[in-house]
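A.B. asks: this one's sequence-less:
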Ligand SMILES: Cc1ncc(C[n+]2csc(CCOP(=O)(O)OP(=O)(O)O)c2C)c(N)n1
Ligand SMILES: Cc1ncc(C[n+]2csc(CCOP(=O)(O)OP(=O)(O)O)c2C)c(N)n1
Ligand SMILES: [Mg+2]
Ligand SMILES: [Mg+2]
């Protein structure tokens, strides 16, 4: 027996500020290698897919393999558009925050393919969104779901500005949207809690024998939260139509994924102990994300139960407007990320397949930019957190209960309203 | 794609009252088949041991295979004695409860090998018990740990009777002992909470570079509790010297193990997603339990970190004095359990190896019985929950804080003390 | 006396049976109502409050859950938002804490943080209180930890008639309702004398429970005994203890059973204290920051000029609930009576 | 004014720096002291309260944890029982709920349920309160959910000098201590006027923090402003709001900064209210079942004959803390002043 010093093992990332980014621990298997089992496959027969990486686009932007969803060029261009709009919009939100016009800002830079591909794949077969129908339970880093599902960019911006156009009346931090009709559940702000809620939503669908799907979303860091477990346990026991999405963007504010307990396993692998089918997907490959979500959605709608998907991606931006990532990781880490940038990779694919040229892509970018800038201007005209009309103080008391109880009426009156 | 009805899957046990017990779902692999890796093996190289069943004793009581711990006859007889004492003592506790002399009673009937083998294996190399040393974090079904670790049976009985000999001054339900010097952590009564505490204890040991081990205990039902997850996550990240024991006795009050999410996996397998080495052991085989715990203890003490052990056993008795199992499972289920009874199996082993005869075993039983009856008599003489002197009401206020704060002094005085 | 709803026929029921009946009535009326919890499906709950529901309505409407209070509440939030009317059972209120985050951060705030876009019309049932030799993990009364949370309603019935009517109202309520069931009252009223045999509900007027559908509105207290000398504010088990204390002391107290703690029936309380000029508050929970503190603060704020004596709080002590010294801990008729005498003597 | 401990030299420190200094002093004095939390290791905490500790004491004494508040508290309970002195950080008090079971059912009760056989001498630090545009999940003040729990001590400093001395006392305390840090005061005192630039602690007497080891005893309030007309009971940020309200109204109020909520310094409170005859209680938490209720109940019980006006509570409203209407929600100098005027006018 080899005696080792007994000591507390405190995992450290492969590189800290001033060091050279090192992603050699990320095993990238040959593209197109992963097999695509039938959607009714037994859970345990999918376990090999928890440690590989489902990839459709190769480094040159060519698609192939069993997982190629075979999307047409128009659909792909729409996807690209949604990714670009998401990116530009969030860039502007950050700017608004820096200018003191928004209380907070957060971005999905580098991860846009995750939410856009998921929203599109689910949307392709969705009976609609809202109570009794499909629903995403997102975190703050899935704005792409809203863009893809057609939410008004103007309304989104008003929410970020906490102005009088905010449908949440200033109740929530910028980015913590709630848009039932776009399948976007109210974001809590408390990590981990909404995984089990998505499972509950799916259980309700199963109780009503509806072919709906609920989608839970969590960062890899928040998988450490206890309710990740309750979500997996209930999904495992009741086999409801839910997709458990773990977005592994390598960082949770300042802690790298090893502090969430990744160890030498993948986060997808967490599902195995719970008898859940698991897929691990290249999160910067829109086609792979679309394919994986389509598989899980078909599985769910056809009565075969839950799937866990790990999206391997990289948080290229700061955690939020309150964060400075150069304090804890190399400044140039994002550029070294082996899976590249999702916008670039899809663009490249469109070019190599002859569906786009550098010129048409530049035009697309420009069109997106002017659309976004118009929206920002309009929304700013309505006011910001520091200027213009606000929700009435009455709003603060209004939605606490369906009907305002006596003590809240009294407190509202105390305030003079 | 095979379309199925979307519906809530509510798992049902293989037999309900009035039906014939059916344990065909329990795959019992050939005895002696499981390999014993070196204790410093990489976690992932142990995953096959999460689905097999480590067994040393065959159906005839013969020991063999790589896991045979090779214990001498004297040690085995001590183990048998501890199992029998535990069984008889708890039988008496149940009787006392039925007579109204104890508030509550709970038994480990049929599972005695689990705690006795674990206590003995840990004890063989223990530097001692208590703060800074080894510690078990038991549930209410590990009284065998106390018996094996030499706790006074008289004191144990006084706690059950809530009489003036109860060192806990009536603070806790019968059976929720707390005996630091015997390595028995105060049992909470809230399920699941103490797994992460055991991990914390082990982390403290690792911080101090001590060759100690902490042992978490949970029933399979309570693995659904959220803190099972926090325990596994912290164990996975910090690699402290902890053994996570899951006692799968098939039932959690009225729910069978499928409601805890066993599905087609084992509970040992839960560890895989967390990169934890995992062993699944025949819980009614004292030698197998001893061997598995020895492996995990050596691993922990030599700086190789945590192990998860699933003990496959059967709760032969009611859940507790408040429970009637004939309401939810066949009355004769325990008798049909494929892994037999731990006392019988070890007895049989002693006989076939020539270390005991039917006669010496009967004598042993008799000696245990009279020891237990003496203890019960003595303890009853001191009083029961309904008779005799009790802890002073002052005790209720005494240990809330190290020093009694003014408001508790005031409340104590209010009460007239 | 609680007003008796009129539905025609009635049946003698324990509080357990009344609760089960409320669930059965609502599950029959409304497909959206589902019931679940630990041991609450096949077996019908450790207190038997859901017995027979799985047999009657099938395992998709009444089922067992994993031992995960957080999972139970979290799943209920998702189901409620989807459009069902989940009624979740927490086996003992002492075990609500793992689900507390889901109650406080999620169920309570979903409506307000989404400006009404999503709601969580769920009911969480949990047995509370001591007196059954349950020790510190089967005896707690955590109501104050719930009344502090904006967005929740908290209900606690003291008898079968109220239990059924309030539970039906809770299920129909569009907001999350915490439904606390005083377990010492499940099988009969309790006068605080543990040595006496349990009085069954069948001997009590409030054990005669109307059949079928009826509601008792949330937010309305009940004057269980009119009186002139002082006001006792109580709920759950302490309602009966207060009655026993009146018997023992002969003080002509007006006893108010609050029934709903939030929203609180301030009007009934204020009218009574203004009339009597004295107030005793009794609860089983620990004193500091207990719900009695809120009641005391409100009475003081609203009846200052009418108070002839300090408001007295008679409560559980600020210690865990001990199994061996249960009846020392429990605020029985003697201690409530002493509080009343103190208020009268001032 | 808070009494100034004398240790010789002193340094101008923000409350953040004072807290970090307390940790550094104790980690240097006692090997058993360890510090951990989400982002609290390498990075030094989102508010930088543990900055540099990992560099100074190594990753085994100061480390990052998984995002699991239950794991953080549960591991701390195990470490404390083992014999260490863990100081755990919860990133925001709003996130304590997943760890609430470990606080309430485990840390608080370990000593009593084991009759002193095991103990949990740990400290849980958490930023509380609003005023930083944090919305409902970065602004809560859950102190009443802690003061209701027997076995805990709850501390809340309002300035750097107190923060350091109280934190050292908390680390040395043999019982579990919840250490609430009013985040709006981290970088400077706050008079409730958000449009004004932040005043740094370096301009304030209580920003001059003694170097090295000193303690401020738990359970002792501080009279931050003596006065004759009425008593204001406050803590944390509201201490400064009360001072601003005095400035605005000219009322000669005695302002008491409670510093420790449990055990409460009843003597200081009672002496003051008996002197002034009037009492205003101010806190940021929601009103119903807030800690103000307990204070009101106790003042009423102990000072009944001395009260010339109803005790006023000025608090956060019974709603979630909104980001857009933050300053409407916040009980600023105007609302506290109105409460004072109301008490005076009675
Ligand atoms: C219960 C809870 N604890 C802590 C936080 C603070 N917090 C917000 S985001 C974050 C990091 C989350 O990381 P991850 O889950 O990986 O998601 P990512 O930000 O990378 O998308 C933390 C710790 C929180 N919001 N809720
Ligand atoms: C937090 C919590 N929830 C519920 C309970 C009630 N309860 C006590 S034992 C039990 C069943 C436990 O089953 P298992 O973990 O399999 O252990 P076993 O009794 O089989 O040894 C339940 C639900 C509890 N004690 N604590
Ligand atoms: Mg992340
Ligand atoms: Mg079990």
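C.D. replies: Structure's in. What do you need? The structure displayed is predicted, hence computed values, not measured ones. Numbers count the residues shown, from 1 in each chain, chains lettered A, B, ... in the order given. Ligands and ions are numbered 1, 2, ... in the order given.

A.B. asks: Next one: the spatially most central residue of chain A from ligand 1, what distance?
C.D. replies: The centroid of chain A falls nearest to residue A:142 when counting by Cα atoms, centre = their mean (3.5 Å). Distance, residue A:142 to ligand 1, by Cβ to the nearest ligand atom, to the nearest Å: 9 Å. The way it works is simple: take the backbone N, C-alpha and C, and place the C-beta from them, glycine included.

A.B. asks: now residue A:380
C.D. replies: With Cβ to the nearest ligand atom as the criterion, residue A:380 and ligand 1 are 27 Å apart.

A.B. asks: any idea which strand is longest in chain C?
C.D. replies: strand C:279-286 (DSSP state E).

A.B. asks: quick one: is that strand near chain D?
C.D. replies: Yes - Strand C:279-286 is in contact with chain D by Cβ under 8 Å from any Cβ of the partner chain, via C:285, C:286.

A.B. asks: In a helix, residue C:218, correct?
C.D. replies: No - checked against DSSP: H, G, I helix; E, B strand; the rest coil, residue C:218 lies outside a helix; its state is coil.

A.B. asks: How about the residues of chain A by ligand 1?
C.D. replies: Neighbours of ligand 1 within chain A, by Cβ under 6 Å from any ligand atom: A:139, A:141, A:189-191, A:219-222, A:249, A:251-253, A:315, A:319.

A.B. asks: Of the residues you listed, which is the nearest to residue C:333?
C.D. replies: For those, the residue nearest residue C:333 by Cβ to Cβ is residue A:190; the value is 43.9 Å.

A.B. asks: thinking again about what came up before, now the residue nearest to the centre of chain A, nearest residue through space, not along the chain?
C.D. replies: Excluding the flanking residues, the one nearest residue A:142 by Cβ to Cβ, 6 or more residues apart in numbering or on different chains is residue A:115, at 4.2 Å.

A.B. asks: count of residues packed around that neighbour?
C.D. replies: Number of residues near residue A:115 (other Cβ atoms under 10 Å in any protein chain shown) recorded here: 31.

A.B. asks: next structured bit after the helix or strand hosting it?
C.D. replies: Applying DSSP states H and E as the criterion places residue A:115 in helix A:112-123. Once helix A:112-123 ends, the next helix or strand along the chain (criterion: DSSP H and E) is strand A:135-137.

A.B. asks: what's the following helix or strand after that next one?
C.D. replies: Downstream of strand A:135-137 (by DSSP H and E), the next one is helix A:143-148.

A.B. asks: Check whether the helix holding residue A:115 comes into contact with ligand 3.
C.D. replies: No - Helix A:112-123 is not in contact with ligand 3 by Cβ under 5 Å from the ion; minimum separation 11.3 Å.

A.B. asks: How about the backbone phi and psi for the residue lying closest to residue C:64 once chain neighbours are set aside?
C.D. replies: When the adjacent residues along the chain are set aside, residue C:64 lies closest to residue C:41, with 3.7 Å between them (Cβ to Cβ, 6+ apart). Main-chain torsions, residue C:41, degrees, to the nearest 10: phi -90, psi -100.

A.B. asks: And for residue C:41, the neighbour number?
C.D. replies: Neighbours of residue C:41 (other Cβ under 10 Å): 25.

A.B. asks: quick one, domains of the chain?
C.D. replies: I'll assume chain A. What automatic domain parsing lists as the domains of chain A is A:43-386, A:393-417.

A.B. asks: wait, I meant chain C there
C.D. replies: In terms of domains, chain C is parsed into C:10-210, C:222-345 (source: automatic domain parsing).

A.B. asks: And the shortest one, end to end?
C.D. replies: Put plainly, it is domain C:222-345. From its first residue to its last, domain C:222-345 covers 27 Å (Cα to Cα, to the nearest Å).

A.B. asks: Which parts of the chain are strands?
C.D. replies: The chain I'm using is chain A. Under DSSP E, chain A gives strands at A:135-137, A:214-219, A:242-248, A:251-252, A:255-256, A:278-282, A:307-312.

A.B. asks: wrong chain, I was asking about chain C
C.D. replies: Under the criterion DSSP E, chain C carries strands at the ranges C:10-12, C:33-37, C:62-64, C:85-89, C:123-128, C:153-155, C:177-182, C:208-210, C:222-225, C:230-234, C:253-257, C:260-262, C:279-286, C:312-316.

A.B. asks: now, of those strands, which is deepest in the fold?
C.D. replies: The highest average neighbour count among these, using mean count of other Cβ atoms under 10 Å in any protein chain shown, belongs to strand C:230-234 at a mean of 30.

A.B. asks: so what's residue C:156 up against?
C.D. replies: By Cβ atoms under 8 Å, 6 or more residues apart in numbering or on different chains, residue C:156 lies in contact with C:128, C:143, C:179, C:180, C:181, C:182, C:235, C:236, C:258, C:259, C:260, C:261.
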